[in-house]
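J.: Mind looking at a prediction? Sequence and model below.
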Amino acid sequence: MNDPQPTNERHTACQRSLWVSALGVAGLVIAGSALLLVGAAGVLAAVMARTIVTPPGARGDDTRVVAVDLPAGTITLQRHRDSVLAGDYSFFFSAGTGHARVGEISTRTATTVTRRILGIDYGDLLTARSGRFSGWLYRSPADLGLEWTEVSIPTPIGAAPAWLVPAEPASVGTSIGTGQWVIQVHGRGVRREEALRAVPVFHTAGYTSLLVSYRNDGDAPASADGRYGLGDTEWPDVEAAIDYAVGHGATRIVLMGWSMGGAVVLQALTRSTNPGLIEGVVLESPVIDWADVVRAQALDRKLPRQIARAALTIMGSRWGARFTGQAAPIDFGRLDFVARARDLYRPMLLLHSDDDGFVPATGSRRLADLRPDVVTLVAFAEARHTKLWNYDPDRWNAEIASWLALLPRC
């Protein structure tokens, strides 16, 4: 019979057993916490991916109205990243039920900005408590004082409305405008109104303007999945617009894209069946590489870079459809025109603000550095996203006019 275990040895064994048990529990807790963190990160990435590809609903107000003085023609607003910008803007107020146009800043304080009221188009500004700024300014082609008409573009998924502004008055029995056309492609979450600011400079240069709608923008038909392709699926609607322009007398075409519309235009340029008709491209605050944009949006929301990478993976994978509702994955390699810089073959004008606030100018700068032979970059400061014309219309118009004048004819 063995001797009983000494007391001190039994105590040591007990301690060892307790430590092993404690470590086991701690390991389970740590593993569980890690799984929770991974799960939370996956949920955030899935939510981010779904948000990016889903057309947004109505935008909310983000700027408080402090006071309105109609006799003086002024409105005092909360200091906000948009309200402090120089220039003329739209101000949608009271959850979009009202619209005014505001101009120069007359007074600034530590918390407020007072601006001149250029006009009130609808709604009761006196009762407004909040609103939001927009770079649109013009609400329809009628605000430009030019001849225009509404037309219909037969896209692959149905008829899409467009605005046509001839370069010169069209006579009965003649083709519309001249052989020079510009096709304007708006950005994500907005409509054709965004591009109206560009019509006058192109009109003066002798171009007919075609302002198009595309799938899922609220004007054109929706796709079966109701999701954005970030340029990868929208470009056939621009190709249809090119066909329409050719059918109505276009012999030379400039494509202009705003924000995500820049990504759509680049796809149309490189995948069109009529590439010889495209003489140049103008991009305003464009998406050149979606990875830049998604990463910047994650950082803006104080999310780790890993969330942005995971969101891109979800949008670019077939299995990701269960989270995003996409009918097909997005080919982000095909949308990356920093990597595809050598695929560009037409003169290109990039207009971008270094403090864009939504689409970083880094992609535009890298592309301009890689292709100085075809790309002209015009950098702005303080103008923010798609508000370059509002901030400095004289410079914006002059840059486009000068670039158009130097275009080699196809």
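T.: Perfect, thanks for sending it.
J.: pLDDT weak spots in the protein?
T.: 1-39, 169-177, 410 (pLDDT under 70).
J.: per-domain residue ranges of it.
T.: Domain ranges of the chain: 63-134, 141-405, per automatic domain parsing.
J.: Including distance to Ala40 and mean neighbour count, could the ones you listed go into TSV?
T.: For the C-beta atoms, the positions are set from N, CA and C on the backbone; glycine is no exception. Below are the domains of the chain laid out as TSV (distance: least, Cβ to Cβ, whole Å; neighbours: other Cβ atoms under 10 Å):
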stretch	distance to Ala40	mean neighbour count
domain 63-134	29	17
domain 141-405	10	20
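J.: Grab the nearest non-local neighbour of Pro141.
T.: The spatially closest residue to Pro141, leaving aside those adjacent along the chain, is Trp148, at 3.7 Å (Cβ to Cβ, 6 or more residues apart in numbering).
J.: Over to Arg371?
T.: Looking at Arg371 with Cβ to Cβ, 6+ apart, the closest residue is Ala341, at 5.0 Å.
J.: next one: Ala86
T.: Nearest one to Ala86, counting by Cβ to Cβ, 6+ apart, is Tyr391 at 5.9 Å.
J.: Hmm, that neighbour is touching Asp88, no?
T.: No. Using Cβ atoms under 8 Å, Tyr391 is not in contact with Asp88; the gap is 9.4 Å.
J.: mind listing the helices for the chain?
T.: 7-53, 199-204, 235-247, 260-271, 290-300, 305-315, 321-324, 332-335, 362-370, 388-391, 393-405 (DSSP state H).
J.: Tabulate those (JSON lines), appending distance to Ser94.
T.: Formatted as JSON lines, these follow (distance: least, Cβ to Cβ, whole Å):
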{"stretch": "helix 7-53", "distance to Ser94": "26"}
{"stretch": "helix 199-204", "distance to Ser94": "29"}
{"stretch": "helix 235-247", "distance to Ser94": "33"}
{"stretch": "helix 260-271", "distance to Ser94": "28"}
{"stretch": "helix 290-300", "distance to Ser94": "27"}
{"stretch": "helix 305-315", "distance to Ser94": "34"}
{"stretch": "helix 321-324", "distance to Ser94": "33"}
{"stretch": "helix 332-335", "distance to Ser94": "38"}
{"stretch": "helix 362-370", "distance to Ser94": "36"}
{"stretch": "helix 388-391", "distance to Ser94": "22"}
{"stretch": "helix 393-405", "distance to Ser94": "28"}
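J.: From Ser83, how far off is Leu77?
T.: Look at Leu77 and Ser83: by Cβ to Cβ, to the nearest Å, they are 5 Å apart.
J.: Mind listing the shared neighbours of the two?
T.: 63, 113, 115 (Cβ atoms under 8 Å, 6 or more residues apart in numbering).
J.: gap between the two ends of stretch 89-99?
T.: 11 Å (Cα to Cα, to the nearest Å).
J.: which residues are in contact with it?
T.: With contact meaning Cβ under 8 Å, 6+ apart, stretch 89-99 is reached by 58-61, 63, 65, 75, 82, 100-102, 120-125, 127-137, 139, 387, 390.
J.: show me what contacts the spatially closest residue to Ser259 that is not a sequence neighbour?
T.: In space, and not counting its chain neighbours, Ser259 is closest to Gly187: 3.0 Å by Cβ to Cβ, 6+ apart. By Cβ under 8 Å, 6+ apart, the contact set of Gly187 is 194, 257-262, 285, 386.
J.: Can you report how many residues lie near Val43?
T.: Neighbours of Val43 under the rule other Cβ atoms under 10 Å: 12.
J.: For Ile242, see how far away it is.
T.: In terms of Cβ to Cβ, Val43 sits 41 Å off from Ile242.
J.: What backbone torsions are found at Gly96?
T.: Here is the backbone geometry of Gly96 (degrees, to the nearest 10): phi 80, psi 0.
J.: close enough to count as contact, Leu44 and Gln306?
T.: No. Look at Leu44 against Gln306 with Cβ under 8 Å: they stay out of range, at 9.6 Å.
J.: quick revisit: tell me which of the domains of the chain approaches Thr54 most closely.
T.: domain 141-405 (6.3 Å; Cβ to Cβ).
J.: From the chain's centroid, how far away is the closest one?
T.: 9 Å (Cα atoms, centre = their mean, to the nearest Å).
J.: same check, this time on stretch 78-85
T.: 20 Å.
J.: which one is Ala263 nearest to, not counting chain neighbours?
T.: Excluding the flanking residues, the one nearest Ala263 by Cβ to Cβ, 6+ apart is Gly231, at 3.3 Å.
J.: show me what contacts that neighbour?
T.: Applying Cβ under 8 Å, 6+ apart, the residues contacting Gly231 are 260, 263-264, 266-267, 287, 335.
J.: So which of those is the closest to Asp356?
T.: Nearest member of these to Asp356, counting by Cβ to Cβ, is Val287, at 10.6 Å.
J.: coming back round to it: distance check, the residue nearest to Arg371 against Pro347.
T.: 14 Å.
J.: how much space is there between the residue nearest to Ala86 and Gly206?
T.: 26 Å.
J.: Likewise for Trp403?
T.: Counting by Cβ to Cβ - Trp403 and Gly206 are separated by 14 Å.
J.: Just the shared contacts of Leu77 and Ser83: which are in strands?
T.: 63, 113, 115 (DSSP state E).
J.: Make a markdown table from the residues you listed and add distance to Thr155 to it.
T.: A markdown table is the format used below for those (distance: Cβ to Cβ, whole Å):
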| residue | distance to Thr155 |
| --- | --- |
| Thr63 | 36 |
| Val113 | 42 |
| Arg115 | 40 |
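J.: Mind picking the one among these that's closest to Pro236?
T.: Closest approach between these and Pro236, by Cβ to Cβ: Thr63, at 37.5 Å.
J.: Many thanks, we can stop here.
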